[in-house]
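K.L.:
This is a predicted model, with the sequence first.
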Amino acid sequence: MKKNKKLAIIFFSLFIILVIFIKLGLTKTIDNSFYNLTQIIANDNVTKIFKGITFLASPLCLIGFLIIIILLSKDKGLLLLIKMLINQLLNEILKRIIRRPRPNVNSYITEKGFSCPSGHAMGSLIFYGTIIIFIWHSKINKKLKILITTILSILIILIGLSRIYLGVHYLSDILAGFFLSMGILISFQEYVNQK
């Protein structure tokens with residue numbers, strides 16, 4: 001439990017440090033370079049793939065999955081719902097505080113509001129990260145646990161990458177979202193263990 005608290009504090013601290021760097025303009029070079037790197041693979045097919053991937057962290061998609069989880073396990077579903085609500089509330093508050101504009105690039109999709117932290121990065125890590133934790137506390141085969149964990153972990157990373165490729169977030173927005181949500185995820189770990 002103490003280890004979890006320390007780990008959560010580390011991720012929250014990383015988030016704060018990164019936001020300070022963003023506000024000081026210290027992430028511009030790496031943000032722009034990483035975006036340019038993603039555009040090397042840009043074509044219509046890749047764009048379609050990334051639009052599909054980014055949909056997997058959209059509110060509509062996550063709510064649909066959440067309803068299924070609640071029907072399968074009310075306790076787990078309600079715990080996940082609480083985490084998602086806290087996550088969303090924090091995201092909205094912090095975006096209004098940080099007030100970072102969206103990237104000034106030719107984006108493939110249209111998004112409103114501020115850029116940091118990324119809501120899709122936060123939502124995907126909270127949702128699919130919690131599923132990973134549920135999986136590891138289940139009685140299914142260990143090899144299957146590893147397989148599902150690997151697939152969902154790759155999905156979380158790809159969702160973050162999709163937001164950069166599509167031109168609606170900077171790399172630092174994604175990392176800020178991941179750091180913050182990882183802190184939240186770890187903070188709730190003891191409650192997951194009880195379910």
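P.N.:
Nice, I can see it. Numbering: from 1, shown residues only.
K.L.:
what pLDDT, on average, does stretch 89-101 get?
P.N.:
For stretch 89-101, the per-residue pLDDT values average out at 94.
K.L.:
What is the distance between it and the centre of its chain?
P.N.:
15 Å (Cα atoms, centre = their mean, to the nearest Å).
K.L.:
Repeat that for stretch 73-84.
P.N.:
That offset, for stretch 73-84, works out to 17 Å (Cα atoms, centre = their mean).
K.L.:
do the same with stretch 124-139
P.N.:
Centroid separation for stretch 124-139 versus its chain: 13 Å, with Cα atoms, centre = their mean.
K.L.:
Residue 35: which element?
P.N.:
In this structure, residue 35 sits in helix 28-38 according to DSSP states H and E.
K.L.:
now swap in residue 63 and tell me
P.N.:
helix 59-72.
K.L.:
got the contact list for that helix?
P.N.:
Here helix 59-72 makes contact (Cβ atoms under 8 Å, 6 or more residues apart in numbering) with 55, 76-78, 80-81, 84, 123, 127. The C-beta positions use only the backbone N, C-alpha and C, and glycine is treated the same way.
K.L.:
Go again with 6 Å.
P.N.:
Helix 59-72 is contacted from outside by 55, 77, 123, 127, using Cβ atoms under 6 Å, 6 or more residues apart in numbering.
K.L.:
again with stretch 177-191
P.N.:
Contacting residues not belonging to stretch 177-191 are listed as 1, 4, 7-8, 11-12, 14-15, 83, 117-118, 121-122, 125-126, 129 [Cβ under 6 Å, 6+ apart].
K.L.:
now, which of those residues sits nearest residue 176?
P.N.:
Nearest to residue 176 among these: residue 117, at 4.0 Å, using Cβ to Cβ.
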